[in-house]
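Engineer: Would you be able to build a 3D model of this:
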Amino acid sequence: MAGQLISIALTVEQHEAGDYFWVLLESFDNSMEFEPLMEAATGFATYADALQAGYVVLKGLSEDLNVGPREEAGDLISTTETALGNAR
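Structural biologist: Prediction:
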């Protein structure tokens, strides 16, 4: 049985240099407080490009997009590494 759905939000920030960075935020215990989970290492020229890249990473956190990212075997860190192409 799948574990509890992990609450992850995607946002885009514009840094002072003008580049856009996607940021994934995670909320714990169903609270409305979110903490940074991961963000783009390099900036994007447009908001749309950053949003699309962040969405690709977010989708990669789920083995099955019909149920979303879950707390379960294979912790979030290893799932994240796989999504980013950094699997060991």
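Engineer: make it CA atoms for all contacts and neighbour counts henceforth
Structural biologist: Will do.
Engineer: which SS class is Tyr55?
Structural biologist: Tyr55 carries the three-state label helix when classified by DSSP: H, G, I helix; E, B strand; the rest coil.
Engineer: That one against Thr11, yeah?
Structural biologist: No: in this structure, Tyr55 is not within contact of Thr11 by Cα atoms under 8 Å, at 9.5 Å.
Engineer: For stretch 11-30, buried residues please.
Structural biologist: Using 16 or more other Cα atoms under 10 Å as the test for burial, stretch 11-30 gives 12-14, 20-27.
Engineer: So which of those are in strands?
Structural biologist: 12-14, 20-27 (DSSP state E).
Engineer: Out of the residues you listed, which is nearest to Phe44?
Structural biologist: Tyr20 (5.0 Å; Cα to Cα).
Engineer: if you skip the residues just before and after it, what's nearest to that closest one?
Structural biologist: Spatially, and ignoring its direct neighbours in sequence, Tyr20 is nearest to Gln14 (4.5 Å; Cα to Cα, 6 or more residues apart in numbering).
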